[in-house]
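> only geometry, no sequence info:
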């Protein structure tokens, strides 16, 4: 049975054995310390396959060049941001990047879907993280602005609990992935 959800929800469903496998975008590191070390099988809780990497850019409304070009994370954090739920990759990536320096973004609204985030940026509400391919398309087709001094790299992974790697369903899912993913 297939289900859909934010990758933060997917990982929680895997940890709680509600699903066998899933696609996860972002670092698995925050989940490792939360697990009892006695439950760990080897160095990691997860059996995973990295599938690809993504770059996330900061996307700004049209006309915000002076506000974002040449600016670092601290300067950008003071501008209005479009927030997302805590399980969203956008929130997890941004929080991980900024929290190291004690920076908190100035969230002025919250949405839960990527199309809504783009609509808010297009309408001039504020900044949002956006996959590079989408950000560049928005820049070329709609004149939105992409910050030039900051970006975030992350990976898309296919994951399961390491303790379930030999389960027939998990094993089959990874075999199908290996035969279809280039």
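Cool, got the structure. The model shown is predicted, which means the values in this text are computed figures rather than measured ones.
> just the helices in this protein please.
All helices of the chain, identified by DSSP state H, fall at 7-15, 65-68, 73-77, 89-99, 114-122, 132-142, 168-180.
> next, give phi and psi for residue 181.
phi -90, psi 130 (degrees, to the nearest 10).
> give me the distance between it and residue 50.
According to C-beta to C-beta, to the nearest Å, residue 181 and residue 50 sit 11 Å apart. Yep, even glycine has a C-beta here, placed from its N, CA and C like the rest.
> with residue 133 instead?
Distance, residue 133 to residue 50, using C-beta to C-beta: 18 Å.
> each with direction, which strands does the lengthiest strand in the chain pair with?
For the chain, the strand with the greatest residue count under DSSP state E is strand 46-60. Each strand paired with strand 46-60, and its direction, by DSSP bridges: strand 128-131 (antiparallel), strand 145-146 (antiparallel), strand 152-161 (antiparallel).
> buried set for it?
46, 47, 48, 54, 56, 57, 58, 59, 60 (16 or more other C-beta atoms under 10 Å).
> hang on, the earlier thing: so which of the helices of the chain comes closest to residue 27?
Closest of the helices of the chain to residue 27 is helix 89-99, at 7.0 Å (criterion: C-beta to C-beta).
> remind me what the closest one packs against, helices and strands.
Judged by 3 or more C-beta pairs under 8 Å, 6 or more residues apart in numbering; DSSP states H and E, the packing partners of helix 89-99 are helix 7-15, helix 73-77, strand 128-131, strand 152-161.
> distance check, residue 24 against residue 168.
Here the distance between residue 24 and residue 168 works out to 21 Å (C-beta to C-beta).
> for the residue nearest the centre of the chain, which non-adjacent residue is spatially closest?
Nearest to the geometric centre of the chain sits residue 89, at 2.5 Å (C-alpha atoms, centre = their mean). Once flanking residues are discounted, residue 89 sits nearest to residue 25: 4.5 Å by C-beta to C-beta, 6 or more residues apart in numbering.
> neighbours of the one you found, how many?
Neighbour count of residue 25, defined by other C-beta atoms under 10 Å: 23.
> is it in a bridge, and if so with what?
residue 156.
> and residue 41, what pLDDT?
At residue 41, the model reports a pLDDT of 44.
> again with residue 176
So residue 176 comes in at 94 (pLDDT).
> that one and residue 100: what is the separation?
38 Å.
> residue 6 now?
The value you get for residue 6 to residue 100, if C-beta to C-beta is used, is 23 Å.
> so for these two, which sits in the more crowded spot?
residue 6 (20 against 9).
> now that one. Nearest residue, chain neighbours left out?
residue 87 (4.6 Å).
> quickly note the distance from that neighbour to residue 174.
Counting by C-beta to C-beta, the gap from residue 87 to residue 174 is 24 Å.
> over to residue 88?
26 Å.
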